[in-house]
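Visitor: below is the sequence, then the predicted model.
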Amino acid sequence: MTIDLQAFAEAIGGDAAFRRIRRLQPVGGPGDKIFPPTYPAARRGAPPRHVFEMRRLGGQEIWCVLIDSVQSQANRLEEALWMATAEEAGDGSVPLPFVTVDFRGAGLEPVERITSLDAPHRVYDAILRDSLLDGIPFMQSEAGRRLAAAKPADATALLELSPNALLFGAWHSQGEGGGLGAKFSRALVSEIVGVDTPVEETAASRRGSQMAAGGETEVQTSARRTGSRIDPLGTLKDVRIYQSAEEEGEWTPFEDEARKQKSKPVLFSRKGGGSKAGKPSVINHGNIAPTVEPLGVTCDHVEHRATITLAGLRRLRFGGGERDAAGRALIASLGLLALAEQDARGYALRSRCDLVCDGAAPLELVHADGSTASVELDREQARALYREAYVDAERVGFQFKSLVLKPQDKLVEIVRRSRQRALAGEGGDSEDDDGTPS
């Protein structure tokens, strides 16, 4: 079936979801090795790992591997929307409001701007919060106060200023009551998984590692990644390097130029010592011994599942009547556009993880009773549907507006100091934040 705006609005009013299940394969062909993302190991000192899980498919329990998470997919889809905006495409075909923090002139090159399409917490991100709108702290401005007051019962502010926050989810974690600010559930869920992946099961060294069903076993890929490097200069590991007395953060091989502590030369180290202190490897000289690690996977096929919940969109309100219908239609059409734009850009996810479609996959409209109908919608049709929904939303009174903010001096300064510390070899790991709605 083809879908126009009227049919689209009717579907949003009573159906369950839009859904697409697409099969992918490595560009190298079926069976080629690909590299999913790695995550820290469950036990200290263990190498990084992929994320495996047992899934029930076709009546069988099958090992699968996570290739692109819901959070990563949200980032890629928002990037695809950013590239399709009028400013980037240059043809005005995709009008999309969002908030920008303009860092140009702040001396933080190459950073030029951060938008609510790429900030981790979207329109509620601290980068926006610590910026100025017309000289006023953003969350104290009229627009910021509207965003702070927004609720699912009236999400007009988010729709008019940055509708991607309603599509991919947002949480005003710095809001009233110390984190009790409004939460908006994601309407689009997209994930890429490798299906039927060979794994090895070994004895688990501690509880909390990835367990196979029914046993104390640790799961890892049966594939292997090798690595090594021969230094063309032939630098040997028993050569010693020291902290330079002349320049902080620099090294020297000469003992008489080294910084002394209790009359002894101080070995050079990037991060406070350790087994590499004083060795050429700490400054990336010398050979890298051959290594073999359980990384990379093969699988029967890759599956990309994407859903846009229409039942979930019906929880959002924008003032009642035509406004509710138009607002929901805009968000749903934005989701379909995001998927179409990602399709056009391809699936080059990361180094050695380049995928291609394995045949066509129809978009399905899932009815309330679980039955489905195929929907014809290519990239140009998705753009046309979104433009029509945008115009209709303006007709019923929505006033879309993109905002440009300037970073506060204190925000610029913490970035500048962070860079100085990183250049001096003092950088630390970033902290986890489970408030991120990506």
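Guide: Nice, I can see it. Numbers count the residues shown, from 1 in each chain.
Visitor: what mean pLDDT does stretch 225-238 get?
Guide: The pLDDT scores in stretch 225-238 average 84.
Visitor: please, where are all the helices along the protein?
Guide: 5-14, 70-84, 86-89, 126-129, 142-149, 156-161, 164-168, 176-179, 310-313, 322-345, 379-395, 409-423 (DSSP state H).
Visitor: surely Ile34 meets Ile67?
Guide: Yes. Assessed by CB atoms under 8 Å, Ile34 is found in contact with Ile67 at 7.3 Å. For every residue, glycine as well, the C-beta is placed using N, CA and C.
Visitor: where do the contact lists of the two overlap?
Guide: Contact with both Ile34 and Ile67 is made by residues Gly194, Val302, Cys353, Leu355, according to CB atoms under 8 Å, 6 or more residues apart in numbering.
Visitor: and this structure, what are its domains?
Guide: Following the assignment in automatic domain parsing, the chain carries domains at 17-195+296-423, 231-286.
Visitor: if we can go back for a sec, closest to Gly144 among the shared contacts of Ile34 and Ile67?
Guide: Here the nearest of the shared contacts of Ile34 and Ile67 to Gly144, counting by CB to CB, is Cys353; it sits at 39.0 Å.
Visitor: which ones are touching that closest one?
Guide: Counting by CB under 8 Å, 6+ apart, Cys353 touches Ile34, Phe35, Pro36, Ile67.
Visitor: who wins for most neighbours among those residues?
Guide: Most neighbours among the contacts of Cys353, by other CB atoms under 10 Å: Ile67, with 30 neighbours.
Visitor: pretty sure that one sits against Val193.
Guide: Yes. The pair Ile67 / Val193 is scored as a contact, 6.0 Å apart, by CB under 8 Å.
Visitor: next, show the common contact partners of those two.
Guide: By CB under 8 Å, 6+ apart, the residues touching both Ile67 and Val193 are Val302.
Visitor: where does the stretch 101-250 of the chain dip in pLDDT?
Guide: Low-confidence segments of the stretch 101-250 of the chain, defined by pLDDT under 70: 175-180, 203-217.
Visitor: at 80 instead, please
Guide: For the stretch 101-250 of the chain, applying pLDDT under 80 flags the ranges 174-181, 201-218.
Visitor: strands of that one, start to end?
Guide: In the stretch 101-250 of the chain, strands defined by DSSP state E, counting those that start in this stretch lie at 113-115, 131-133, 136-137, 170-171, 183-184, 188-195, 199-203, 217-221, 225-229, 242-243, listed in chain order.
Visitor: okay, these, which one's buried deepest?
Guide: Stretch with highest mean neighbour count among the strands of the stretch 101-250 of the chain: strand 170-171 (a mean of 24; mean count of other CB atoms under 10 Å).
Visitor: given that strand, what are its sheet partners and their directions?
Guide: Strand 170-171 has its sheet partners listed here by DSSP bridges as strand 183-184 (antiparallel).
Visitor: how far away from the center of its chain is the strand it pairs with?
Guide: 18 Å (CA atoms, centre = their mean, to the nearest Å).
Visitor: same question for stretch 139-157.
Guide: 25 Å.
Visitor: so who does the spatially most distant residue from the centre of the chain touch?
Guide: In the chain, counting by CA atoms, centre = their mean, Ser263 sits farthest out from the average C-alpha position, at 50.2 Å. When contacts are counted by CB under 8 Å, 6+ apart, Ser263 touches no other residue.
Visitor: kindly provide the distance from it to Glu255.
Guide: With distances taken as CB to CB, to the nearest Å, Ser263 is found 11 Å from Glu255.
Visitor: do the same with Ser185
Guide: On the measure of CB to CB, Ser185 and Glu255 end up 63 Å apart.
Visitor: quick check: the gap between Arg328 and Ile308.
Guide: From Arg328 over to Ile308 the distance is 11 Å, taken as CB to CB.
Visitor: hey, what's Ile136 bridged with?
Guide: Taking DSSP bridges as the rule, Ile136 bridges to Leu133.
Visitor: so, low pLDDT: which residues of the stretch 301-438 of the chain?
Guide: 423-438.
Visitor: one more time with 70, if that's ok
Guide: Looking at the stretch 301-438 of the chain by pLDDT under 70, you get 424-438.
Visitor: deepest-packed of the domains of the chain, please.
Guide: Neighbour counts (mean count of other CB under 10 Å) averaged over each of these peak at domain 17-195+296-423, with a mean of 18.
Visitor: what's the end-to-end length of that one?
Guide: 49 Å (CA to CA, to the nearest Å).
Visitor: can you check stretch 220-233 too?
Guide: Start and end residues of stretch 220-233 are separated by 37 Å (CA to CA).
Visitor: what's the distance between Thr372 and Asp378?
Guide: 19 Å.
Visitor: just to revisit the earlier point, nearest to Thr221, out of the domains of the chain?
Guide: Of all the domains of the chain, domain 17-195+296-423 sits nearest to Thr221, with 5.0 Å by CB to CB.
Visitor: distance between the closest one and the chain's centre?
Guide: 8 Å.
Visitor: export the contacts of Cys353 as a markdown table, with columns for pLDDT and distance to Val391.
Guide: Shown next, in a markdown table, are the contacts of Cys353 (pLDDT from 0 to 100; distance: CB to CB, whole Å):
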| residue | pLDDT | distance to Val391 |
| --- | --- | --- |
| Ile34 | 95 | 42 |
| Phe35 | 95 | 43 |
| Pro36 | 95 | 41 |
| Ile67 | 97 | 37 |
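Visitor: on that earlier part again, of all the domains of the chain, which lies closest to Ala223?
Guide: domain 17-195+296-423 (4.3 Å).
Visitor: I'd say Tyr390 and Pro97 touch.
Guide: No. Using CB under 8 Å, Tyr390 is not in contact with Pro97; the gap is 9.6 Å.
Visitor: what touches both of the two?
Guide: The contact sets of Tyr390 and Pro97 overlap at Phe400 (CB under 8 Å, 6+ apart).
Visitor: mind checking which of the strands of the stretch 101-250 of the chain is nearest Leu77?
Guide: Of all those, strand 188-195 comes closest under CB to CB, at 6.5 Å.
Visitor: contacts for the closest one, please.
Guide: Contact with strand 188-195 is made by 24, 34, 36, 55, 57, 62, 64-70, 73-74, 77, 167-168, 297, 299-309, 335, 338-339, 347, 349, 355, as judged by CB under 8 Å, 6+ apart.
Visitor: among those, which ones are in strands?
Guide: Residues of the contacts of strand 188-195 located in strands (DSSP state E): 24, 55, 57, 62, 64-68, 301-309, 347, 349, 355.
Visitor: before we move on, the earlier item: who wins for proximity to Val412 among the strands of the stretch 101-250 of the chain?
Guide: strand 131-133 (9.9 Å).
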